[in-house]
Structures are given as C-alpha cells and as structure tokens.
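>>> This is a predicted model, with the sequence first.
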Amino acid sequence: MIHLGDALTIASTKLHTHRVRTLVTIIISSLLFSALITATIISESTTNSIAKFNNEGLNNRYLVLAQSDSPLSGGVFSNSEVISLAQQKEKEIIAAKKTEAKKLGVVYNEASEMPATTTQTIPGQGDSTHLNIRSNAASQALLEYLDKHPGPSLNDLNQAAKPYNPIGVYSSTIPNISGGDIAIMQDGKENFSPTDDQRVSISFLHNSSLNIVDSELTKPYLFNNVKVLDGNIPLIVSYSTAENMLGLSQLSSSASAKERYDRIQQLYRQTSDGSLTTTTCYRNSASQIQIDQAIAQAAEIAKNISNKDYQKPKLIYGLPTADSCDKANIISDTRTDSEKKLQIAQDRFDSEFGQVVVPIQLKIVFQIVGLSPNTENNDNTTFGNLLSSVVGSSLTNGMSVIPSDLLNQSQNVSIIKSVLLPKDESPLSVSRPNYYVEFYNAEDARAFIDEKSCTTRVDGTCTSPGRLFQLTASGNNSIALQDLQKKISSVINIGAIAIIAFAVLIMTTMVGRVIVDSRHETAIFRALGAKRGDIAAIYILYTLFISVFIAIVSSVVGIGSAYFINNLYGQNLTLQAKLLFDATNTELIFNLFDVNISILEIIIVVILTTGLLSAIIPIFRNIRRSPIQDMREE
Amino acid sequence: MDETIIHAKKEYYTSPVLRPVENWVKSDPIITINNITKIYKVKKQSILALNNLSLNIFPGEIIAVNGASGSGKSTLLQLIGGLDKPNSGTIIIDAVDINRLSDRNLSIFRGKMIGFIFQFFYLQPFIRLNRNIEIPGMFAGLNHKSRKERVIQLAEIVGLSDRLEHFPSELSGGQIQRAAIIRALLNQPKILLADEPTGNLDSVNSKAIIDLFEQIRCKFGTTIIIATHDLEISSHADRIITLKDGLAI
C-alpha cells in the first residue's frame, strides 16, 4: 500500500493539473458553505441575542391567564331564583322602610322605591321579567345569590393546573373604587371646575384602570433599588402615562427607532430614582356630593347676587382649600333645630338602607416605581408593531399597576385598602381576580390551555364539562415565539440540507470529471504497479485537499460575512430589539456575530464528509475500470 | 516451443555478462505465451488483436515486436504486463500464470516484475524528476531512502544526475524518455516492456535509447520487449517478432 506521504505528493499534483476545475469547485462549494456558516452564525447569534432579550420583561415566562365567567353572565338577570328572591326582598325592604320611617319620623313614599324587576313584552315570545339592578332589593338578592354561587375558586385553579407542574399562580385584581372617584391634583391642587369634563380624572393617569398585581409579575418592570416613601402608593405606569406625567409630548407615529428608544431612555433617566409622584384625591360619593353642592351653590349665589328676592340655601357648603383634599366645609347653616333633627333622622334612615352618608376623602400620593411598555398604540398595521406584538411583553396591557407586595409594605395600607378594595356593596362591582398560572415551558402551558380551557356557549356553559376557566397565553407570546423559533430552525435545517445536497452534487460532478479526465493517468499508474487501493487513496486525498480548502475558504468567508453583517446591522438591530422586546437594560446588545466553535467544527466535519461522500462513487467507478481500456481510449 | 518464431541475432550478443544465445533455448523461458487470443469489442464489432499466439521469451533477451498499426503489438505488451487478460490461452511469467492472479496480486506482481515505458513518457508535470522516478517505488511500498538511493544510482547510469531536481518541463525529450526508462527500472524488474519508446524522439535520441537498453540488459540482465514499427530499432534486437492481423509471421 502506498505510504500516506507519497499519496499526498501525487494527490497534490492534481490540484495543479486540474487547476481551473478545482478552483471552480472550491469557489462554488465555498460560497455555498460560507452561506451556511454565515446563516448558522447569524441564526445562532440571533437565537442567543433573543434569549438575552427574552430575559427582559415577561418575555421568558410562560404565563396563562385564567379567567372565569363574570358572575353576572349566564342569564343571572333573568334567573327565576334571583327574581323571586328580589321580589321577596323588595317587599321586605318596603316593609322595613315603612316601619323605620315611621319610627324615625321621616317621610317615605313607597312609590319612590325602584321596582326590583321589570317586565318586557317581546312580540311572539310573551312577557320576560328581568332584575332591575338599580333597585336596592335586586342588588341585595343578587349579592345573596352570588354569595351562594361563588364560581370557580383559586383552589379549583390550583387543582386544574397541578398535573402540568405550574411554577406558581398569581393574581391581578382591579381595585373597586366604584363608591367614589380618584382625581388627579394637578400641581398639587384639586380642580373644582363646575363641569365634570374639565376635571382631571384618574383615567388620565392610567388610560384604563388600575390593577393590583402579584409582585412575581411586576418585578421585571420595577426600578432597581427604588424605595417607596412612607404613605405613598407604588405604581408602575406605561411609557405614555409617564410621558404625560412628565409633560412630554407624545412622539409621532413616524418617529424613528432611535428617537423612540431615546425617549424611553429619557423616561428612565427622569423616573428611575423614584422621585416622580402624582398626588390624587379620593372622595366617596357623599364627599363628592358635598363638593358638587358647594360648587353649585357658589355658582347659584353668584348668579343671583343682584336678585333681591333670591333666598340663599339654609345649609351652604364651601370648598376646601385646593391642596387639602379635605371635605367641604359648612359656610353657613341657618336650619332650625327641627330641620337639623329631621336631616339627622333622614341620614340615619338612608344609612340603614345602604346609602353612603358619611363623607370620606383621602389624599393619595402615587409614586412611580417602574415603567412598562405601551401596548395601547400597537395597532399592528406596521411590520414593526406586528413584530413587537409577537416578541414583546406587556404587563396587563399597559395598565397602571400597583405591585401587591409594595402596597402591603405601605404605611397606610389599611386606609388605602379600604378605598381601593372596599367590600362588595353592589353586584355590579363584584369582580373576580384574574389569575396567571406560570409554567416551566411552553409545552406544559400549551397542554394546560388545550386540555383545561373552557370555551363558553351562548348560554354561558362550557363546551366541555368540568372546565371552569377560560385560559389564554398571556403577558407575552413566548409560546407562539417558541413555535416560531422552531419553524425558523426547521427552515434553516432544510436550507442546510439543501446546501449540503447541492454541494455534494457540485463536488461529485467536479471530482467525477477530474477522475474521468485522469483515467489514462490512472491506467499509467496501474501499469507502474499501483493497486486499486493506491488509486483510491490518491483521489480520496485529492478530495480531502479540496475539502480542506473549501473548509478554510468557507470559514474565512462565512465568519467574515457574519462579522460584516453584524457591523452593518448589529447596532440598528440592538435598537430595534430593545424596542421590540421592551428591554430596559441599556447594556444589552443584539449580536449577530457570536461564533459557536462547536457548530463551526460540525460544519467543517460536514464539509470534509461531503467531500469524501462526493468522491466515493466516481472513485469506485474509476478503480473498477480496466486500465487498458482507458489507455486504449487515449 | 515453436523454434520457427525465434529470429536470433547472435552477432549482437557479445557482452561477457550475457549467456550465449545457444544457452537461452536450453534455459527456461522467463515468459511463456501459449495460444493466446485477444478479441476486442468496439461498437458491437469484434476485432481480433491476437490470434492463437504462442511465444517463449528468455531471460536477458531483447525482443522487438514489429508490425503495422493495429497489428497487436501494444496488445501483446499489455497482456504480458498483466494490464489486460487474453480471451484464451495462458501467459506464464517467471513460472506464474498471471491470468490466475487477483487484481491486487497482479498489481504487486507487475510492480516487482515488470517495468513499463511509454511512447508519451507520462511523467507528472508538477513534481520534480526524482519524485517522478520514485513513483513505481511508491506503489511498491519502498521506503523513501531506498527509492532515493536507487534513483541516484539509475540517474547516474542514464546521465540525469544533475537533472533530478528539475521539473519535466525543464528537460528535453530524450532526457524525459531516459527518466521514464529509469522510472520503469526503479523496482528492479526482470522484464521491461517498451511501447514505441522512441516514437517521439529524433534519431539521435532514439539511438541513445537503444544503447541504453543494451546497457540495461548488460547491467541488470533485464529482459526487454520493445513494440516498435521502427526497423532501425528492431535491427538492434536479439529477435524480431513480426505481427500481422494478430499472428506472428
């Protein structure tokens, strides 16, 4: 058998002999494999970068939102049991009110009582009776009914999720402030404008509503080391809310990625020390009525200032100082003792039958402790917005969020809780918290949704019995993103296979031609004593030479291209990724040039193997030929 | 053995190292060809290259195989060299029936026993002369040192010592053919098969090659079979075998 060094010597001559063909083979195959290397480096780097960016916000978490049907759904308003109870309550309340009115000496007119039910005549269907929810009797009946039918509990959810190994179950509660309102104190002052629309509502602050959310979900959005000052309510707001609070004008929809990212950076610079606060004033309905009365009385008095026949009200309220969030004060009270007694009796009567008569007001300072991305403006009409909706994460859709643990650390938590989380007093304000179940991976989350989610029918029942919650992937699109990554990965794999197949074809053709062209030479070698194995060794080494060249050129070109692409697009991609993934970490870089040596080694092995595979058939054919036939054909 | 096909030229055998020609017929032939027939098929047409040819060739002989183009000269050399197999008949070389050897053993046998010289030399253009000459030794598995020693020794004989580091393109036609001859001799074969060895050379170089064959025969006792249509070359052979339509005439 020919020695390796000698075979190398002879094989190397083929590189010179078939220079053009060898060069063409090396160039084409190198371009193919360099494309593969570049694609692999970029794909791998992109995956790594996405993984890094995925750690921002809620991106890397597999959350499922679990919602149960509203307690008021499913035909409860026409439920015969509730209607019957309401009608009974109505009678009881009327009877009780009559008795109490007589006892307290107040006037009570049964006709003023809101009926507990209403009846509609629907053509062709007859009469239909419904609860009149504005009626006190109907409210009480409904509350009793809901108390007996509490709906799915947290325990039910834990049981349902248990087979899927959840990491945890978190809750998100919408504070119930229906008994009053919270208004912004612009520059620390209440706006006592006569018309409501000129008053700054809390909705200015949070665009939709407040949420109290478990800290496990709010952590990614909190500023580092921020300390909530005594008495303040911690609040995470969306970028756009923070812009409003800072008096910054909204960027136009055509703003560049850099402008948008710079704005976010600016927001963090100006808020991340926890110094941004907004003062609000909470008033319950009784307090608000007195303020409204004071405003209306002042306007009426001013209007009739020159009217000699005008008689001022006996009880006149005055507005508190604008920065106090105090109750309306009494400016003058000329009521007689009997009138005062009658008012006290009326208040007692009203209070006994559920009406709020004691004014409660409270100054609440919200301290911004974190920022969350906007979601309200993502209309998905542009590719960027669409992509952002796929890869980005949001915290309860950009609402303003109070982290529950920071709320509990607050000094005046009991007062705040009494304002934000009062006992359900009206069935309309009865809400069930949203639950978030977190899983270790997308598969468990997807299985949980597929196997346990309730799809409701028109009548409010589930299509599959025993399914108590409507389940949807939430917080981010990790599950969809993972599917997308798998698809991209399979596309790259198919591409890699296609490239390898094409390279094998080219190399087989080229090496085959070289071998065919060398048949006469092979015959000479056979005449000089070469065995078939010697010939095979020479051509295998020749192919190996080509493969090594291809591996070197491919590596250099492939790595160089990835480096070039990274230099060209890396910076802009970093910017885009920070926006898309709602990243807050300024140090993060979207790197397209993250060379994985192991994968590069695998590709080099693939190139060498491809070369050898491509040579097998031509070599096999060549060495089986009769040397004399080739000599004669010459 | 058919004595009629031997045309000995006794006057050439003057070298003291050679056995008298009379002794050859008494010694065992190194090559015994018995009734070989070779038919080629070209596009469904059968061409009779050799027709029931028998021949004995003795050690140290220089044989010229003459004949027109297509007379079977090259075919005879290729069959003797084991590059091809006859349709019938046997070829015994050094007591070995080469048609019975496996491809691998035939290659080994060929490498050790036979040296080939071609009309077009077939040197590797991109390696130096010394490495070119070493090629048969590479296939025979000779170590580099042995090969190098033999190359130096042989190059000295043919006057190419100062050309060993040159590439073939830097040599004349005569020098290239001499290099091709010593390449064929590298494995010290007993038989040298030369197919039109001077076909590409001028008369001066042709004469030099013939002289070199004589020298090789004298020095190594090599049996040399030359396929040629050059009568001048043939006139220097011990015997001339003329082929016509596959038959020796």
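Yep, that arrived.
>>> going forward, measure contacts between C-alpha atoms and count neighbours the same way
Will do.
>>> Spatially central residue in chain B, please.
Note on chain B: the residue nearest the mean C-alpha position is residue B:193, at 1.1 Å, using CA atoms, centre = their mean.
>>> residues making contact with the helix or strand containing that residue?
Remark: residue B:193 resides in strand B:191-195, with elements defined by DSSP states H and E. Here strand B:191-195 makes contact (CA atoms under 8 Å, 6 or more residues apart in numbering or on different chains) with B:74, B:77, B:81, B:113-119, B:184-185, B:222-228.
>>> Now intersect the residues you listed with the helices, please.
Of the positions in those, B:74, B:77, B:113, B:184-185 sit in helices, assigned by DSSP state H.
>>> would a markdown table of these with neighbour count and pLDDT be doable?
Converted to a markdown table, these look like this (neighbours: other CA atoms under 10 Å in any protein chain shown; pLDDT from 0 to 100):
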| residue | neighbour count | pLDDT |
| --- | --- | --- |
| B:74 | 22 | 86 |
| B:77 | 21 | 91 |
| B:113 | 20 | 91 |
| B:184 | 29 | 89 |
| B:185 | 29 | 87 |
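>>> Just confirm residue A:34 is within a helix.
Yes. Secondary structure of residue A:34 (DSSP: H, G, I helix; E, B strand; the rest coil): part of a helix.
>>> my guess is residue A:511 contacts residue A:615, does it?
Yes. With contact defined as CA atoms under 8 Å, residue A:511 counts as touching residue A:615 (6.2 Å).
>>> Now the common contact residues for the two.
Contacts common to residue A:511 and residue A:615, judged by CA under 8 Å, 6+ apart, are residue A:543.
>>> Let me know the next secondary structure element after the helix or strand of chain A with the lowest mean pLDDT.
Within chain A, no helix or strand scores below helix A:203-206, which has a mean of 48 by mean pLDDT, DSSP states H and E. Per DSSP H and E, the first helix or strand lying C-terminal to helix A:203-206 is strand A:210-213.
>>> and the spatially closest residue to residue B:233 that is not a sequence neighbour, what element?
Leaving aside its sequence neighbours, residue B:233 sits nearest to residue B:210 (CA to CA, 6 or more residues apart in numbering or on different chains; 6.9 Å). According to DSSP H and E, residue B:210 maps onto helix B:203-220.
>>> So which elements touch that helix?
helix B:173-185, strand B:223-227, helix B:231-234 (3 or more CA pairs under 8 Å, 6 or more residues apart in numbering or on different chains; DSSP states H and E).
>>> Now do the longest one: everything it contacts.
Yep, that's helix B:173-185 we're talking about. With contacts defined as CA under 8 Å, 6+ apart, helix B:173-185 is touched by A:528, B:114-118, B:121-123, B:129, B:132-136, B:151, B:154-155, B:158, B:160, B:168, B:192, B:197, B:200-201, B:205-206, B:209.
>>> picking that back up, run me through the strand neighbours of the strand holding residue B:193, direction for each.
Strand pairing for strand B:191-195, determined by DSSP bridges: strand B:114-117 (parallel), strand B:223-227 (parallel).
>>> which bits of chain B sit near chain A?
Chain B has residues B:78, B:81, B:83-84, B:103-104, B:107-112, B:115-116, B:122, B:124-127, B:135-136, B:138-141, B:184 near chain A, with proximity defined as CA under 8 Å from any CA of the partner chain.
>>> from the stretch 101-250 of chain A, which residue is nearest to chain B?
Nearest residue of the stretch 101-250 of chain A to chain B: residue A:164, at 66.3 Å (CA to the nearest CA).
>>> Around chain B, which positions in the stretch 451-600 of chain A sit nearby?
Listed as neighbours of chain B in the stretch 451-600 of chain A under the rule CA under 8 Å from any CA: A:521, A:524-532, A:534.
>>> how about 7 Å then?
Neighbours of chain B within the stretch 451-600 of chain A, by CA under 7 Å from any CA of the partner chain: A:527-531.
>>> would you list these in JSON lines and tack on secondary structure?
Listed next are these as JSON lines, based on three-state DSSP:
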{"residue": "A:527", "secondary structure": "helix"}
{"residue": "A:528", "secondary structure": "coil"}
{"residue": "A:529", "secondary structure": "coil"}
{"residue": "A:530", "secondary structure": "coil"}
{"residue": "A:531", "secondary structure": "coil"}
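>>> Among those residues, which one has the most neighbours?
The member of these surrounded by the most neighbours (other CA atoms under 10 Å in any protein chain shown) is residue A:529, with 31 neighbours in all.
>>> so what pLDDT did that residue get?
As predicted, residue A:529 sits at a pLDDT of 86.
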